[in-house]
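Student: sequence first, predicted model second:
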Amino acid sequence: MPRAIGVGLALVLGLGGCGGSSAASGRDGGEQRPTTTTATTSGDRAGTSVATAPPPTAPPEVELTLAFGGDLLPHLPLVRVAQQHGAATGVPYDFGPLLAPLAPVVSGVDLALCHLEVPLVADGQQVTGYPSFHAPRELAGAVAGAGYDGCSTASNHSLDGGLPGIIATLDTFDVLGLGHTGTARNAAEAATPRTYEVRGARIAHLSYTYGFNGYALPEGAPWAANGLDPARVATDAAAARAAGAQLVVVSVHWGSEYRAEPDPLQQELAPVLDAIGDVDLVIGHHAHVVQPVERVGDTWVVYGLGNQLSNQGEPERRDGLTVVVTVGGPPGGRLAVRRLEAVPTWVDLATHQVLPVGPTLARPDLDPGLRADLEGSRARTMEVVNRRGAGLAVRP
C-alpha cells in the first residue's frame, strides 16, 4: 500500500498514520561495467589498451497503474446485509464480503482510490440512510480490506453528519491507514495537499463537490468540505505541484443524477479544469450511472463512474465503472496519462456483492440469469464509456 502523505501536517488527535510502506522507485537497469577498447595513437604508444567508460544511459522511466472506483452509497437495506454478515463474524457490521470480489482488481494496481459518498457515524449519532446518511464506521474497514489506499470524500452528503461526522470519518480513516481528501478537521488539514508516495513517485489527489444538499458549512469551519470552485482547484493543484507531486488527480462530484450524458455544467467546467495547467486527470462522481470518458484538450476526463456499492435497483444504477489508468514519465519528473482501461462492475442485489463483470463471467458455474445480467451490464457500460470516442478497452 502506498504511503498517504499530508505534506507538512502532523497527524490529528494522535491517531494512526495515513498509509503503509513505500516501495523502491522504478526498475533497476543494473550497473554496467566499463569496456576495454584498443586505441591507436602516434609514437611508441600505438596499440596501447585504454579503458573507456560507456556513454551514460538515461534511467528507466516510471510507469504506474492507478484505479478509481465509483460511489460507495450504503443504503439501509445494504447496511442490514452487512449487519447479518457481522452477526456471523462477531462484529456489528461486516461490509467485507460485499467488496471482496473487487479485491483482485483493486489490489492489483499501484494506487487504488475510492469515493466515499457519505460520512461515517459519529459518537452519539444513529446509523441512517437516505436522505441524510450516517454510515457504520465498519464500512471503512471493508474499503481498506479490499485494497484501497484512500478515498475522495467531498460530496453532496459531506455535511450530513456535520463537523462531528467529518471528524469521525477522517479519524477512522487515519486509524486504518487510509488517505482522504475533500473534507477536513481543521484549516491546516484543508490547506494541505493529499499526496501518496507510490514506488518513489508522488501522486496528488484533490476532491471537490458542486454543493451540500442545502446544508451550510459549519459555523467557524468554512474549510470543512471543499466546494467546486475552479480558482480553488487551481490554487490547490499548484500547491500540490510545489509539494513535489508528479501527477495531480482531481475528483469532482458533479453532474445530474441518473443522466448518462454530461450535463451543461460538466461540459462547461471540463475545459476550465483542462486549462489549469497543473491538473493531469479528472475523475467524476455523483450521477449514479456511468458517464462517458473523453479527452478534453490535454486532459482525460472520466465524467462519472456510476455506483460501486448501493441498493438502487434500476439496471443502469447497478452498473459501475472502475477505471484503471496507466501513467508514466521520467523518474522525478512530471507523469502523464498513457492509457485508460475499463473494469465494468455490477451490484448483485441477491447478495449485494460488487462483481467485476469480466472475471465473474469467466466462472463456469455461473447462474444463467446472473450471466445475462452481467453481459447486459458490460454492454451498457462500454457503450456509454466510449460514446465520445475514448476507445477504452475492457481490462483483462
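Tutor: Arrived safely, thanks for sending.

Student: CA atoms for contacts and neighbours, from now on please.
Tutor: Fine.

Student: how many neighbours does N386 have?
Tutor: Counted with other C-alpha atoms under 10 Å, residues neighbouring N386 total 16.

Student: and the helix ranked longest in the chain, C-alpha only, in CSV?
Tutor: What stands out as the longest helix in the chain, according to DSSP state H, is helix 368-385. Below are the C-alpha coordinates for helix 368-385, written out as CSV (Å, rounded to 0.1, in the frame of the first residue of the first chain):
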residue,chain,number,x,y,z
PRO,A,368,-27.6,-18.3,-16.3
GLY,A,369,-29.7,-15.4,-15.0
LEU,A,370,-26.7,-13.7,-13.4
ARG,A,371,-24.7,-14.3,-16.6
ALA,A,372,-27.3,-12.4,-18.6
ASP,A,373,-27.3,-9.6,-16.1
LEU,A,374,-23.6,-9.3,-16.4
GLU,A,375,-23.5,-9.4,-20.1
GLY,A,376,-26.1,-6.7,-20.3
SER,A,377,-24.3,-4.6,-17.8
ARG,A,378,-21.0,-4.8,-19.7
ALA,A,379,-22.6,-3.9,-23.0
ARG,A,380,-24.4,-0.8,-21.5
THR,A,381,-21.3,0.4,-19.6
MET,A,382,-18.9,0.1,-22.5
GLU,A,383,-21.4,1.8,-24.9
VAL,A,384,-21.6,4.8,-22.6
VAL,A,385,-17.9,4.9,-21.7
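
Student: what distance do you get for V105 to G284?
Tutor: 20 Å (C-alpha to C-alpha, to the nearest Å).

Student: one more: R295?
Tutor: Counting by C-alpha to C-alpha - R295 and G284 are separated by 13 Å.

Student: more neighbours, V105 and G284?
Tutor: G284 (29 against 18).

Student: correct me, but the more buried one touches N307?
Tutor: No: taking contacts as C-alpha atoms under 8 Å, G284 lies outside contact range of N307: 11.4 Å.

Student: overlap in contacts of R295 and G284?
Tutor: Residues touching both R295 and G284 (C-alpha atoms under 8 Å, 6 or more residues apart in numbering): V301.

Student: before we move on, the earlier item: in the longest helix of the chain, what's buried?
Tutor: Using 16 or more other C-alpha atoms under 10 Å as the test for burial, helix 368-385 gives 371, 373-374, 376-378, 380-382, 384-385.

Student: so which elements touch that helix?
Tutor: Contact here means 3 or more C-alpha pairs under 8 Å, 6 or more residues apart in numbering; DSSP states H and E; on that basis helix 368-385 packs against helix 315-318, strand 319-329, strand 336-348, helix 357-361.

Student: in its sheet, which strands sit next to the following helix or strand past that helix, and in what direction?
Tutor: Per DSSP states H and E, helix 368-385 leads on to strand 393-394 as the next helix or strand towards the C-terminus. Taking DSSP bridges as the criterion, strand 393-394 sits next to strand 336-348 (parallel) in its sheet.

Student: now the angle between helix 368-385 and the partner strand, please.
Tutor: With axes from the mean of the first three to the mean of the last three C-alpha atoms, to 10 degrees defining the directions, strand 336-348 sits at 150 degrees from helix 368-385.

Student: what lies in contact with strand 336-348?
Tutor: 247, 280-281, 300, 308-310, 318-329, 353-358, 374, 377-378, 381-382, 392-395.

Student: V175 sits in which helix or strand?
Tutor: Assigned by DSSP H and E, V175 falls in helix 162-176.

Student: please identify the buried residues of that helix?
Tutor: 162-174, 176.

Student: can you check stretch 252-268 too?
Tutor: For stretch 252-268, by 16+ other C-alpha under 10 Å, it's 252-256, 258, 260-262, 266.

Student: which one of the residues you listed is nearest P92?
Tutor: Using C-alpha to C-alpha, H253 comes nearest to P92 of the buried residues of stretch 252-268, at 30.2 Å.

Student: state the distance from the closest one to S155.
Tutor: Counting by C-alpha to C-alpha, the gap from H253 to S155 is 6 Å.

Student: between the two, what contacts are shared?
Tutor: Counting by C-alpha under 8 Å, 6+ apart, the residues touching both H253 and S155 are 208-210, 286.

Student: nearest residue to the middle of the protein?
Tutor: Closest residue to the average C-alpha location of the chain: L113 at 2.4 Å, with C-alpha atoms, centre = their mean.

Student: could you please name the strands the strand or helix carrying it pairs with and the direction of each pair?
Tutor: Following DSSP H and E, one finds L113 within strand 111-116. With DSSP bridges as the test, strand 111-116 is paired with strand 62-72 (parallel), strand 150-152 (parallel).

Student: between the ones you listed, which gets nearest to L349?
Tutor: Short answer: strand 62-72, nearest of the strands paired with strand 111-116 by C-alpha to C-alpha, at 14.7 Å.

Student: for the closest one, what is the distance to the chain centroid?
Tutor: 5 Å (C-alpha atoms, centre = their mean, to the nearest Å).

Student: which residues does that strand contact?
Tutor: 25-27, 106, 109-118, 201, 283, 285-286, 288, 304-310, 320-331.

Student: hey, what's the angle from it to strand 319-329? Just curious.
Tutor: Orientation check (the same axes, to 10 degrees): strand 62-72 against strand 319-329 gives 160 degrees.

Student: ok, P193 to A237 distance?
Tutor: P193 is 8 Å from A237, by C-alpha to C-alpha.
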